[in-house]
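>>> need a 3D model of the following:
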Amino acid sequence: MNFTYFFSKIMEKLMYNRLTICLNKQNITTEVQNGFREQKFTTTAIQSFIERIQEALDNGLQAIAYFYYLTKAYDILNHRVLLDKSYSCGVRGNLTHGLNHT
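Prediction:
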C-alpha cells in the first residue's frame, strides 16, 4: 500500500470539504452548477444537458455542443491566479496555504 497515495486522498477530501463550505458560504455556486454541490453529479449534468437539447429541438431551434477534455486542467492553471481568485472569494487560512505548496 502506498502511504503517499493514501495521505494525498485524505488531504484531497479535507480540502474538497473546506472549499465546498467556503463556496456555499459565499454563495459562489449556482443552482445549475454540478461541481461542488451536494446531490449533483456527472449524471445530473448530462441529464440537464439532454433536457436543454431536447427543449431547443422541440422549439424548432438548432443545437450545438462543444466538449472539452479537462482532466489535467488544474495542472495547466496559473496557480498564483487561482490562489488570488480564491482569496478574493473568501478562501483563506490553512486551505490556501496547502494549495500554495502544490
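
>>> in the biggest helix by length in the chain, what counts as buried?
For the chain, the helix that runs over the most residues, judged by DSSP state H, is helix 3-25. Burial within helix 3-25, assessed by neighbour count using 16 or more other C-beta atoms under 10 Å, is assigned to 15, 18, 19, 22, 23. In short, each C-beta sits where N, CA and C put it, glycine included.

>>> average pLDDT for the helix or strand following it, rounded please.
Toward the C-terminal end, the helix or strand that comes next after helix 3-25 (DSSP states H and E) is helix 42-58. When pLDDT is averaged over helix 42-58, the result is 89.

>>> and residue 32, what does it touch?
The neighbours of residue 32, taking C-beta atoms under 8 Å, 6 or more residues apart in numbering as the test, are residue 48.

>>> CA atoms only: put the longest helix of the chain into CSV for me.
Taking only C-alpha atoms (Å, rounded to 0.1, in the frame of the first residue of the first chain), the coordinates of helix 3-25 have been written out as CSV:
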residue,chain,number,x,y,z
PHE,A,3,1.2,5.7,2.0
THR,A,4,1.7,8.8,-0.1
TYR,A,5,-1.4,7.9,-2.2
PHE,A,6,-3.5,7.3,1.0
PHE,A,7,-2.3,10.6,2.6
SER,A,8,-3.0,12.6,-0.6
LYS,A,9,-6.5,11.2,-0.8
ILE,A,10,-7.2,12.2,2.8
MET,A,11,-5.9,15.7,2.1
GLU,A,12,-7.9,15.9,-1.1
LYS,A,13,-11.1,15.1,0.7
LEU,A,14,-10.3,17.6,3.5
MET,A,15,-9.6,20.3,1.0
TYR,A,16,-12.7,19.5,-1.0
ASN,A,17,-14.9,19.7,2.1
ARG,A,18,-13.3,23.1,3.2
LEU,A,19,-13.6,24.5,-0.3
THR,A,20,-17.3,23.4,-0.6
ILE,A,21,-18.1,25.0,2.7
CYS,A,22,-16.5,28.2,1.6
LEU,A,23,-18.1,28.3,-1.8
ASN,A,24,-21.5,27.7,-0.3
LYS,A,25,-21.0,30.3,2.4
